[in-house]
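S.K.: Below are the sequence and a predicted model for it; my questions follow.
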Amino acid sequence: MSKRNSQTAKTAARERLRVERERQAKKDKAKRQAIVAGSIVAVLAIAGVASYLVMQGNKPSYWEAAKDDALVAPKNTSGKNNTTVVLGKDSAKKTIIAYEDSRCPVCAAFEQAVGPTLKKDLDAGKYKIQYVGATFLDTNLQGEGSKNALSALGAALNVSKDAFWDYKEAMYSTKWHPEETTDKFKDDSYLIKIANTVPALKNDKTFQKDVKDGTFDKWALEMSKGFDDNKYGVQGTPAFVLDGKKITGSDGDNAPNTADGWNSAVDKALKG
């Protein structure tokens, strides 16, 4: 090979090497730019998520926001904010205030054991019942089932007092009442499923819409204040007050948990 050809070959090789180096340099630069750009996007995304979470954290919960809703009260109510619910015959001279929380297992046990006796007394005009719905278990156990169930009871009350009573009875039944730590009453579809076992509420589209729309959510919050702010020292459920005094069983503290115990305690209270 001549020196000329050898030199030409070397020059060509150097040129190819130079071109290859420039190509690689451009490729590396583009890669670095992509990495930087990706890092910036990632940082911005993280900042955006953090900002969103902060905003969500500062945003009031659904039930906190419901406190500012316009009050819509069910029919068959009276008193301040329409939170007075009285059941029984108007001719009954005495009124027992009944405090209940829909999630409360003791309330469910009371309803199953004493409910029929209590309903018989109401129908006979022995006394009236002023129902006060509580929601403290939502706070104690975390959740919203007590509030949601009370709102649904408002929707039943809007149909009739009998529908309200029968629906409350169904909620407390062994078939439908969940463990207090299982917040099933937060589910509208579950509450509607229970309601479909109550003849007065079965397939009632207006009732179902009220439950789904939360028509009486604000009312439920107002109603539960009657328990929170009660002046009789009631702190748990079920609890019953007649003439300012709690009706208790043989332990002198809790509500009677049998039909016989209820009859004995109520007869004593009515005479007193």
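M.R.: It's in.

S.K.: all contacts plus neighbour counts: C-alpha atoms, from now on.
M.R.: Fine.

S.K.: Phe240: which element?
M.R.: Taking DSSP states H and E as the criterion, the element that holds Phe240 is strand 239-242.

S.K.: all strands for the stretch 51-200 of the chain, in order.
M.R.: With DSSP state E, counting those that start in this stretch, the ranges of strands along the stretch 51-200 of the chain come out as 85-87, 95-101, 128-134.

S.K.: Now tabulate these in CSV and tack on mean neighbour count.
M.R.: Conversion of the strands of the stretch 51-200 of the chain to CSV gives the following (neighbours: other CA atoms under 10 Å):
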stretch, mean neighbour count
strand 85-87, 21
strand 95-101, 23
strand 128-134, 23
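
S.K.: which residues touch the helix or strand harbouring Trp219?
M.R.: For Trp219, the element it lies in under DSSP H and E is helix 217-228. Where contact means CA atoms under 8 Å, 6 or more residues apart in numbering, the residues beyond helix 217-228 that reach it are 66-73, 81-84, 99, 132-136, 147-148, 150-151, 154, 234.

S.K.: if we can go back for a sec, check what contacts the strand holding Phe240 and list those residues.
M.R.: Outside strand 239-242, the residues within contact range by CA under 8 Å, 6+ apart are 94-100, 232, 246-248, 254-255, 269-270.

S.K.: Nearest to Thr182, out of the residues you listed: which one, please.
M.R.: Among the contacts of strand 239-242, Glu100 lies closest to Thr182 (CA to CA), at 17.6 Å.

S.K.: Tell me the pLDDT of that closest one.
M.R.: The predicted structure scores Glu100 at 98 on the pLDDT scale.

S.K.: ditto for Glu180
M.R.: pLDDT, Glu180: 88.

S.K.: Test my guess that it contacts Ser102.
M.R.: No - taking contact to mean CA atoms under 8 Å, the distance of 9.2 Å between Glu180 and Ser102 leaves them out of contact.

S.K.: Looking at these two, which is more packed in?
M.R.: Counted by other CA atoms under 10 Å, Glu180 and Ser102 do not tie: Ser102 has more neighbours, with 29 against 18.

S.K.: which residue sits closest to the more buried one in space, ignoring its chain neighbours?
M.R.: Closest residue in space to Ser102, ignoring its immediate chain neighbours: Ser146 at 5.4 Å, by CA to CA, 6 or more residues apart in numbering.

S.K.: now that neighbour: how far from Lys120?
M.R.: Taking CA to CA, to the nearest Å as the measure, Ser146 falls 27 Å from Lys120.

S.K.: between these two, which one's more packed in?
M.R.: Remark: of Ser146 and Lys120, Ser146 carries more neighbours, 28 against 12, as counted by other CA under 10 Å.

S.K.: mind listing what that one touches?
M.R.: Taking CA under 8 Å, 6+ apart as the criterion, Ser146 is in contact with Asp101, Ser102, Arg103, Ala134, Thr135, Phe136, Leu137, Asp138, Phe185, Lys186.

S.K.: Just send the strands of the stretch 51-200 of the chain back as CSV, with distance to Ile194 too.
M.R.: Rendered in CSV, the data for the strands of the stretch 51-200 of the chain read as follows (distance: least, CA to CA, whole Å):
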stretch, distance to Ile194
strand 85-87, 21
strand 95-101, 17
strand 128-134, 18
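
S.K.: Just the endpoints, please. Distance across stretch 192-208?
M.R.: Start to finish, the residues bounding stretch 192-208 are 6 Å apart (CA to CA).

S.K.: so which of the contacts of strand 239-242 comes closest to Phe216?
M.R.: Distance to Phe216 across the contacts of strand 239-242 (CA to CA) is lowest for Glu100, with 17.7 Å.

S.K.: Now do the buried residues in the helix holding Trp219.
M.R.: Of the residues in helix 217-228, Asp217, Lys218, Trp219, Ala220, Leu221, Glu222, Met223, Ser224, Lys225, Gly226, Phe227 count as buried by neighbour count, 16 or more other CA atoms under 10 Å.

S.K.: And stretch 239-255, by the same measure?
M.R.: Of all the residues in stretch 239-255, those buried under the rule 16+ other CA under 10 Å are Ala239, Phe240, Val241, Leu242, Lys246, Ile247, Thr248, Gly249, Asn254, Ala255.
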